[in-house]
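Asks: Predicted coordinates and the sequence they were generated for:
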Amino acid sequence: MTRNPLAKSLGLLRWMVESDLESVGVRSAAKALGLTPSSTHRLISALVEEGYLQKEEGGTGRYVLGIEMMLMSQRAASRWPLRNIAMAPMRAMTAECNESAYLNLFDPDRGENIGIASVETKQEVRYIVELQKWKPIHVGAAGHAVMAFLPEDERRRIIERTGLAPATSRSIVDPDALNAALNHVRSRGYAITLGQRIPGAIGIAAPIFCSRGRALGSVGISMPEQRFKPDMEDHLSRILLRCADEINARLGGRRPLPQERLVAAE
């Protein structure tokens, strides 16, 4: 194999993508690439530092593709599957409810969401969904939809790290109250918040899952508070869950069963 470090790094990333492995270890990567374990470990460490790889959860000593790798794919060629898969269901959802739709990706290392796609409503009064900007998941529907399905220890770390710093006067700042709200989200399958992250904005969001039942991000609807009536929730949630179900079906993802307990090793 070439001695060029850049070529080695690209070769490692290419192998991970093409192999369809969900995670890799240093020794298996070294064997596949014809490198020494020490050289492979240096490559992996450099890629982790830049965000192109990240450690697998649960202390397995294995590595998965990182958020920067996914974002680069988005920005360079718009070929990250989640965005392409989600756009048609999102457009259909916006056409049906005439409100803006958005798609967020969750980075477990940062414990934050980032917007990667949106479909804007044609209504004159609307909230523009910000893309390519990191957002906390402890406030707002997009974050709550993900946080509700995280393992308990991961949820606790997010609460401790953020201190539940409020974004608005409506943000939930009490851990017990937030956990109660998240458990309600988990039981019904979607989150709805009123002005918790953006004053005057209503957010309703549902999680997107991988095949192992891990939340990858969320799809949602955003609208001004003055246009929302409480009796609209049932109608909007049905449209939203139908959109999320279609995205999950295309991804091969599945929502965890109510009796399943997520663990960090997943």
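Replies: Thanks, I have the structure now.
Asks: Domain-wise, how is the protein divided?
Replies: Following automatic domain parsing, one finds the domains of the chain at 5-65, 78-251.
Asks: I'd like to know which of these lies nearest to Leu71.
Replies: domain 78-251 (7.4 Å; Cβ to Cβ). In this view, the C-beta of every residue, glycine as well, is placed from N, C-alpha and C.
Asks: Tell me who's in contact with the residue lying closest to His144 once chain neighbours are set aside.
Replies: Once flanking residues are discounted, His144 sits nearest to Ala191: 3.8 Å by Cβ to Cβ, 6 or more residues apart in numbering. Contact partners of Ala191, counting by Cβ atoms under 8 Å, 6 or more residues apart in numbering, are 141-142, 144-145, 148, 185, 203-206, 218.
Asks: Who does Ser100 form a beta bridge with?
Replies: Here Ser100 sits in beta bridges with Ser222, going by DSSP bridges.
Asks: And the average pLDDT for stretch 226-245 is what?
Replies: Stretch 226-245 shows a mean pLDDT of 95.
Asks: Could you pull out the buried residues of it?
Replies: Residues 228, 236-237, 239-241, 243-244 are the ones in stretch 226-245 that count as buried (16 or more other Cβ atoms under 10 Å).
Asks: Compile those into JSON lines and extend it with columns for secondary structure.
Replies: Output for these, formatted as JSON lines (DSSP: H, G, I helix; E, B strand; the rest coil):
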{"residue": "Phe228", "secondary structure": "coil"}
{"residue": "Leu236", "secondary structure": "helix"}
{"residue": "Ser237", "secondary structure": "helix"}
{"residue": "Ile239", "secondary structure": "helix"}
{"residue": "Leu240", "secondary structure": "helix"}
{"residue": "Leu241", "secondary structure": "helix"}
{"residue": "Cys243", "secondary structure": "helix"}
{"residue": "Ala244", "secondary structure": "helix"}
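Asks: Just send those back as JSON lines, with distance to Ile198 too.
Replies: Below are the buried residues of stretch 226-245 laid out as JSON lines (distance: Cβ to Cβ, whole Å):
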{"residue": "Phe228", "distance to Ile198": "13"}
{"residue": "Leu236", "distance to Ile198": "17"}
{"residue": "Ser237", "distance to Ile198": "20"}
{"residue": "Ile239", "distance to Ile198": "21"}
{"residue": "Leu240", "distance to Ile198": "18"}
{"residue": "Leu241", "distance to Ile198": "23"}
{"residue": "Cys243", "distance to Ile198": "21"}
{"residue": "Ala244", "distance to Ile198": "21"}
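Asks: Following element in sequence after the helix or strand of the chain with the lowest mean pLDDT, please.
Replies: None of the helices or strands of the chain scores lower by mean pLDDT, DSSP states H and E than helix 67-77, at a mean of 67. Counting by DSSP states H and E, the element after helix 67-77 in chain order, helix or strand, is helix 81-97.
Asks: which helices and strands sit right next to that following helix?
Replies: strand 100-107, strand 112-119, strand 215-224, helix 233-251 (3 or more Cβ pairs under 8 Å, 6 or more residues apart in numbering; DSSP states H and E).
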